[in-house]
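Enquirer: Just a sequence and a predicted model for now, questions to come.
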Protein chains: 2
Amino acid sequence: MTSIEMIAAARARLQGHIRRTPLLSSPFFDEMAGRRVFVKAECLQHTGSFKFRGGWSALSGLGPQVRSRGVIAFSSGNHAQGVALAAKRHDVPSVIIMPADAPRLKIENTRAFGADVVLYDREKEDRDAIGARLSEERDLTLIKPFDDPLVIAGQGTTGLEIAAQADEEGIRAAEVLVPCGGGGLSAGIALALEAHAPHFTLRTCEPEHFDDTARSLRSGTTTRNAAISGSICDAILTPEPGKLTFPILKRLAAAGIAVTDEEALRAMALAFKRLKIVVEPGGAVALAAALFHGKALESDTVIAVASGGNVDTAVFSMALERFG
Amino acid sequence: MTSIEMIAAARARLQGHIRRTPLLSSPFFDEMAGRRVFVKAECLQHTGSFKFRGGWSALSGLGPQVRSRGVIAFSSGNHAQGVALAAKRHDVPSVIIMPADAPRLKIENTRAFGADVVLYDREKEDRDAIGARLSEERDLTLIKPFDDPLVIAGQGTTGLEIAAQADEEGIRAAEVLVPCGGGGLSAGIALALEAHAPHFTLRTCEPEHFDDTARSLRSGTTTRNAAISGSICDAILTPEPGKLTFPILKRLAAAGIAVTDEEALRAMALAFKRLKIVVEPGGAVALAAALFHGKALESDTVIAVASGGNVDTAVFSMALERFG
């Protein structure tokens, strides 16, 4: 179980290896939203998403002998890159199993970070069987994308930075909006805020029809999504909340928010125009919630995490063309 | 004449009002360039460019009575926005005289920051006459875009940050590449580096055919450009080096570099893909020099300033389509 001590320890291991990403803002957003809006730009993290924090935390938390044999991960892209680069910088091999229909940029980058990328067909092949065979053959350690205490601790360092940066900005209370797939980032940030910014409220943000966490929080019990694909927000389409992450969110998160794909694309175009950052669809759902779901919010200050920026050119151009 | 003491004083006045923009990097850039490449992301500054530093420095350096009557500026866009927002936050009026063919986003934003925007026809109207009439009528103080010691001091705070961030990264020597129009940013950074990072070399970067500073540095005397328009790098098309800035650059800058419009667009697409930042054409010339003009460089580490990100959607999409 991840604790605030584990998050502090992760921060110490990550020191000098990750970026303290900036907290951005725009007077145009404040006016649109009718409240102060800050954006934690994790798209500017190494590998273009917060996942490098969890990857580094997990890799650096392994014993040297275990680590030296290498690691394996399943991911459609951001966790893939995070683990691949963390492994490369620890000088150990990595095998990443990715769906063949993952965004091209994410597959290319994962390869470029030195990973042995194994593609599989989502419809026809059994990802877990491929992973089990490979990890047994090579004695690799599996780095799960969210249900791993060290990974949650790594993502939680984002929350430590948010608490410190909010303090620097003089923010005493805020709603913190976090894009949520399996819930590793949300759970980590929730734990960090509980300890260091107790007046802050965390809300998970998800794509419409893939709001398993929001529905699970409402019902109090883990609820699955009806589909596993069908939103442009590829980074955060998980079937259900994590086993380790959901109990944390159940205890600490307020009601979740679901946004449409169109709202995510609109938020991407606005982040381009107003903040000069590149955000991918799944990474833009929290900003979309801040700008377009004001009625679901209560405080006069919101901090939206822009969790990743690994978007293919065609999708980004489409967002600009439709909403720029 | 701007001194390092004036830059330090500007930093004190800017404290809490500007962003310390991040120093970004990508292993892909290091590999492309065959050296370490860092990018000082001033496109993430308030108003989307470094010009807010100079605007704030100038406004905050005026006496309260003079300031309260308001300010006036000429600009195709980034200085316009910098002065307009700085004036708004000082609660004083601003008049900004802009060419009617400036990028739409820059005109809109300047208006949205509360400035009274006066458009003129570059071919038919006399900008200076319009400005003289307005400033006399309203007793406004002119804030020049670069030939003003307080403006140069404000831009120089970028150099203080570069020196500090380079030190944090363990960089002992580097070439610092700076997009150069009138030379305010280059001169300010050069003075800051002279005092705080004396092993660093500054090089100005300009668009091909508009490399008045590079040619002036070669000849040792101020040399004009043949044309005043004709490059996509709108932010840095000035007829000749500044009267205050050139002597500083003549003393401190190494040979300048000129890049093509195509290289600037290519650098924009790469900054999108690898750094997740939005850079405008004129803001991308230093990154273009770092990536595509390696033969003109000598050190194993370069720091390229990405000076602005105020680009219209159509131009950005075109860069992605051609080079993404």
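Expert: Received the coordinates, thanks.
Enquirer: which residues of the stretch 51-200 of chain A fall in strands?
Expert: Along the stretch 51-200 of chain A, counting by DSSP state E, counting those that start in this stretch, strands occupy A:71-74, A:94-99, A:116-120, A:141-142, A:175-179.
Enquirer: winner for burial among those strands?
Expert: Comparing these by mean neighbour count (mean count of other CB atoms under 10 Å in any protein chain shown), strand A:175-179 ranks first with a mean of 30. C-beta coordinates here come from the backbone N, C-alpha and C atoms, glycine included.
Enquirer: Check which helices and strands that strand sits against.
Expert: For strand A:175-179, the elements it packs on are helix A:184-196, strand A:201-207, helix A:285-292, strand A:301-306, judged by 3 or more CB pairs under 8 Å, 6 or more residues apart in numbering or on different chains; DSSP states H and E.
Enquirer: first vs last residue of stretch A:60-79, how far apart are they?
Expert: Taking CA to CA, to the nearest Å as the measure, stretch A:60-79 stretches 15 Å from start to finish.
Enquirer: Please point out which parts of that stretch sit buried.
Expert: Using 16 or more other CB atoms under 10 Å in any protein chain shown as the burial criterion, the residues of stretch A:60-79 that qualify are A:60-62, A:67, A:70-79.
Enquirer: Make JSON lines out of the residues you listed and add pLDDT and distance to B:Leu160.
Expert: Formatted as JSON lines, those follow (pLDDT from 0 to 100; distance: CB to CB, whole Å):
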{"residue": "A:Ser60", "pLDDT": "98", "distance to B:Leu160": "33"}
{"residue": "A:Gly61", "pLDDT": "97", "distance to B:Leu160": "37"}
{"residue": "A:Leu62", "pLDDT": "97", "distance to B:Leu160": "40"}
{"residue": "A:Arg67", "pLDDT": "97", "distance to B:Leu160": "40"}
{"residue": "A:Gly70", "pLDDT": "97", "distance to B:Leu160": "43"}
{"residue": "A:Val71", "pLDDT": "97", "distance to B:Leu160": "41"}
{"residue": "A:Ile72", "pLDDT": "96", "distance to B:Leu160": "45"}
{"residue": "A:Ala73", "pLDDT": "96", "distance to B:Leu160": "41"}
{"residue": "A:Phe74", "pLDDT": "90", "distance to B:Leu160": "45"}
{"residue": "A:Ser75", "pLDDT": "89", "distance to B:Leu160": "40"}
{"residue": "A:Ser76", "pLDDT": "81", "distance to B:Leu160": "42"}
{"residue": "A:Gly77", "pLDDT": "85", "distance to B:Leu160": "38"}
{"residue": "A:Asn78", "pLDDT": "93", "distance to B:Leu160": "34"}
{"residue": "A:His79", "pLDDT": "95", "distance to B:Leu160": "38"}
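Enquirer: Show me what from the stretch 201-324 of chain A comes close to chain B.
Expert: By CB under 8 Å from any CB of the partner chain, the residues of the stretch 201-324 of chain A that approach chain B are A:269, A:272-273, A:275-279, A:309, A:313, A:316-317, A:320-321, A:324.
Enquirer: Just the buried residues of the residues you listed.
Expert: By neighbour count, with 16+ other CB under 10 Å, those hold A:269, A:272-273, A:275-279, A:309, A:313, A:316-317, A:320, A:324 as buried.
Enquirer: Spatially, which two of the residues you listed are the most separated?
Expert: Taking CB to CB as the measure, these span a maximum distance of 19.2 Å, between A:Leu275 and A:Thr313.
Enquirer: nearest residue to A:Arg69 other than its sequence neighbours?
Expert: Here the nearest residue to A:Arg69 in space, its sequence neighbours aside, is A:Asp139; by CB to CB, 6 or more residues apart in numbering or on different chains that works out to 4.9 Å.
Enquirer: burial of the one you found, as a residue count?
Expert: Neighbourhood size, A:Asp139 [other CB atoms under 10 Å in any protein chain shown]: 9.
Enquirer: So what does A:Gly170 look like in phi/psi?
Expert: phi 80, psi 20 (degrees, to the nearest 10).
Enquirer: Nearest residue to A:Leu297 in space, ignoring adjacent ones along the chain?
Expert: Nearest residue to A:Leu297, sequence neighbours excluded (CB to CB, 6+ apart): A:Glu175, at 5.6 Å.
Enquirer: got the contact list for the one you found?
Expert: When contacts are counted by CB atoms under 8 Å, 6 or more residues apart in numbering or on different chains, A:Glu175 touches A:Phe200, A:Thr201, A:Leu202, A:Arg203, A:Ala254, A:Leu297, A:Glu298, A:Ser299, A:Thr301, A:Val302, A:Ile303.
Enquirer: can you pull the contacts of the first one?
Expert: With contacts defined as CB under 8 Å, 6+ apart, the neighbours of A:Phe200 are A:Ile162, A:Ala163, A:Ala166, A:Ala173, A:Ala174, A:Glu175, A:Val176, A:Leu193, A:Ile303.
Enquirer: Just the buried subset of these, please.
Expert: The neighbour count (16+ other CB under 10 Å) marks A:Ile162, A:Ala163, A:Ala166, A:Ala174, A:Glu175, A:Val176, A:Leu193, A:Ile303 as buried among the contacts of A:Phe200.
Enquirer: what about stretch A:237-249, distance to the chain center?
Expert: Chain-centre distance of stretch A:237-249: 13 Å, with CA atoms, centre = their mean, to the nearest Å.
Enquirer: hmm, who's touching it?
Expert: Stretch A:237-249 is contacted by residues A:1-2, A:76, A:146-149, A:152, A:181-184, A:186-187, A:190-191, A:202, A:204, A:207, A:210, A:212-213, A:216-217, A:222-225, A:228-229, A:231, A:282 when judged by CB under 8 Å, 6+ apart.
Enquirer: And for stretch A:7-23?
Expert: For stretch A:7-23, the surrounding residues in contact (CB under 8 Å, 6+ apart) are A:38-46, A:52-53, A:56-57, A:60-61, A:89, A:150, A:153-154, A:156-162, A:165-166, A:169, A:188, A:191-192, A:195, A:303, B:19, B:21-22, B:24, B:44.
Enquirer: For the stretch 1-150 of chain A, which residues are neighbours of chain B?
Expert: By CB under 8 Å from any CB, the residues of the stretch 1-150 of chain A that approach chain B are A:19, A:21-22, A:24, A:27-28, A:41, A:43-44, A:48, A:85, A:105, A:112-113.
Enquirer: Give me the subset of the residues you listed that lies in helices.
Expert: With helices taken from DSSP state H, the overlap with the residues of the stretch 1-150 of chain A next to chain B comprises A:Pro27, A:Phe28, A:Leu85, A:Leu105, A:Ala112.
Enquirer: distance of the first one from B:Gly54?
Expert: If I follow you right, that is A:Pro27. From A:Pro27 across to B:Gly54, the span is 19 Å (CB to CB, to the nearest Å).
Enquirer: Please say which of the two ends up with more neighbours.
Expert: Between A:Pro27 and B:Gly54, B:Gly54 has the larger neighbour count (other CB under 10 Å), namely 34 against 19.
Enquirer: ok, the more buried one touching B:Ala80?
Expert: No. Taking contacts as CB atoms under 8 Å, B:Gly54 lies outside contact range of B:Ala80: 11.9 Å.
Enquirer: how about A:His199, what does it touch?
Expert: Residues counted as contacts of A:His199 (CB under 8 Å, 6+ apart) are A:Arg172, A:Ala173, A:Ala174.
Enquirer: do A:Phe292 as well
Expert: By CB under 8 Å, 6+ apart, the contact set of A:Phe292 is A:Val259, A:Glu263, A:Arg266, A:Ala267.
Enquirer: what's the closest of the buried ones among the contacts of A:Phe200 to chain B?
Expert: Ranked by distance to chain B (CB to the nearest CB), those are led by A:Ala166 at 14.7 Å.
Enquirer: these two touch, right, the closest one and A:Val302?
Expert: No. When contacts are counted by CB under 8 Å, A:Ala166 is not listed as touching A:Val302 (11.0 Å).
Enquirer: what touches both of the two?
Expert: Shared contacts of A:Ala166 and A:Val302 (CB under 8 Å, 6+ apart): A:Phe38, A:Ala174.
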